[in-house]
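**Student:** Just a sequence and a predicted model for now, questions to come.
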Amino acid sequence: MPLDPTALLIELEPVVATNLDRHLSLAKEWFPHEYVPWSEGRTYDGVLGGEAWQESDAKLPDVARTALIVNLLTEDNLPSYHHEIATLFGRDGAWGNWVHRWTAEEGRHGIAIRDYLTVTRAVDPIELERARMEHMSAGFTNGHPDEAMHSIAYVAFQELATRISHRNTGRATGDPIAEQLLARVAADENLHMVFYRNLLAAAFDLDPDGAMQAVTDVVGGFEMPGANIEGFGRKALSIALAGIYDLRQHRDEVLQPVLRQWNVFGRTDLTGEGEKAREQLAAHMDELESQAARFEERREARRLRQEAKKA
């Protein structure tokens, strides 16, 4: 019989406690200010009468700037994310300790990325602030607000996706400072992914069919938490065309490794509903493979056309 959400949270509490201790033993203390080239900073115009931002100030490639802005705006919505998981997981015991620790660690990411962008004048600070206000005003709503299994499955995938996006964005900047900063952020995201991945592994042992259905639902409807950023579709396409985060990476570097860790396609403890969900997941993974291959073909054709124009 499937576990109801409250029972699942109770059953998983010892697993949370164990993995929180593990997380704290591996997490490294770091300081956002150490990753920002403060000596490059200049006062902006406005109340302090400095120099207005202009496009020529920006030294990063356009697509890297786009990816950094998307990553930052996603991190900015932390209050909404905290509300969602605190409401679902609670604020007491091991669950509460994890919720607050996770929030504290995530808070560093937005601080560090914004300081880097404003100090180096990589983006228009006025446009950035307006985008932050708009995105945070829209908030974030978990697609499964009352379903703990689905929520844990989602963040297991999402944290890995965020890690890869940050890491590849750092490389795309061509700036060793930005790459070092985003590698540090990505290291946090990786530990968060492992925490949630371990929780869902335990949930699979408690309720195999329920976990299988949750994974299938989440994979089938997956969206990044920044999907409601203004112009996200256009921005995501440019990011994908640049190879920072595309469907191939999503399938092969995010979904596949996590599914493999849970032995999703090798489990022998599923019953009828779980088997049905697994078949649906397998079909969806095959469809993602086809979609990724088609996108890669179109991207390569686009690259060849652009090269021909330059010749």
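**Tutor:** It's in.
**Student:** going forward, measure contacts and count neighbours with C-alpha atoms only.
**Tutor:** Fine.
**Student:** Can you pull out the low-pLDDT segments for the stretch 151-300 of the chain?
**Tutor:** Under the criterion pLDDT under 70, no range of the stretch 151-300 of the chain is flagged.
**Student:** and residue 91, what pLDDT?
**Tutor:** Note on residue 91: pLDDT of 93.
**Student:** element containing it, please.
**Tutor:** Residue 91 is part of no helix or strand, with elements assigned from DSSP states H and E.
**Student:** so what's it up against?
**Tutor:** By C-alpha atoms under 8 Å, 6 or more residues apart in numbering, the residues touching residue 91 are 97, 99.
**Student:** go on, residue 15?
**Tutor:** The neighbours of residue 15, taking C-alpha under 8 Å, 6+ apart as the test, are 199, 202.
**Student:** For burial, what's the neighbour tally of residue 266?
**Tutor:** Neighbour count for residue 266, taken as other C-alpha atoms under 10 Å: 8.
**Student:** So it: helix, strand or coil?
**Tutor:** Using DSSP: H, G, I helix; E, B strand; the rest coil, the structure places residue 266 in coil.
**Student:** who's in contact with stretch 256-267?
**Tutor:** With C-alpha under 8 Å, 6+ apart as the criterion, stretch 256-267 contacts 156-157, 197, 201, 204, 212, 278.
**Student:** What ranges does the stretch 51-200 of the chain have for its strands?
**Tutor:** Counting by DSSP state E, counting those that start in this stretch, the stretch 51-200 of the chain has no strands to list.
**Student:** And for residue 86, the neighbour number?
**Tutor:** Other residues within reach of residue 86, judged by other C-alpha under 10 Å, total 18.
**Student:** Against residue 143, how distant is it?
**Tutor:** Using C-alpha to C-alpha, to the nearest Å, residue 86 is found at 15 Å from residue 143.
**Student:** In the protein, which helix is the longest?
**Tutor:** helix 272-310 (DSSP state H).
**Student:** So which of the contacts of stretch 256-267 are in helices?
**Tutor:** Going by DSSP H, the helices hold 156-157, 197, 201, 204, 212, 278 from the contacts of stretch 256-267.
**Student:** so can I have JSON lines of those residues showing neighbour count and distance to residue 182?
**Tutor:** Output for the ones in helices among the contacts of stretch 256-267, formatted as JSON lines (neighbours: other C-alpha atoms under 10 Å; distance: C-alpha to C-alpha, whole Å):
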{"residue": "156", "neighbour count": "25", "distance to residue 182": "20"}
{"residue": "157", "neighbour count": "26", "distance to residue 182": "19"}
{"residue": "197", "neighbour count": "24", "distance to residue 182": "22"}
{"residue": "201", "neighbour count": "19", "distance to residue 182": "28"}
{"residue": "204", "neighbour count": "21", "distance to residue 182": "32"}
{"residue": "212", "neighbour count": "27", "distance to residue 182": "33"}
{"residue": "278", "neighbour count": "21", "distance to residue 182": "35"}
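**Student:** Just give the nearest non-adjacent residue to residue 299, would you?
**Tutor:** residue 241 (6.4 Å; C-alpha to C-alpha, 6 or more residues apart in numbering).
**Student:** show me where the chain has helices.
**Tutor:** Assigned by DSSP H, the chain shows helices spanning 5-26, 62-76, 78-89, 93-119, 125-138, 148-173, 176-206, 208-220, 232-241, 247-249, 256-261, 272-310.
**Student:** contact partners of the second one?
**Tutor:** Under the criterion C-alpha under 8 Å, 6+ apart, residues 106-107, 109-110, 113-114, 122-123, 128, 131-132, 135-136, 165-166, 169-170, 172-173, 225-226, 229, 232, 235, 238-239, 242 lie in contact with helix 62-76.
**Student:** same question, stretch 238-247
**Tutor:** The contact list for stretch 238-247 (C-alpha under 8 Å, 6+ apart) reads 63-64, 66-67, 164-165, 168-169, 172, 288, 291-292, 295, 299.
**Student:** before we move on, what about stretch 189-196?
**Tutor:** Stretch 189-196 is contacted from outside by 19-20, 23, 27, 102, 152-153, 155-160, 162-163, using C-alpha under 8 Å, 6+ apart.
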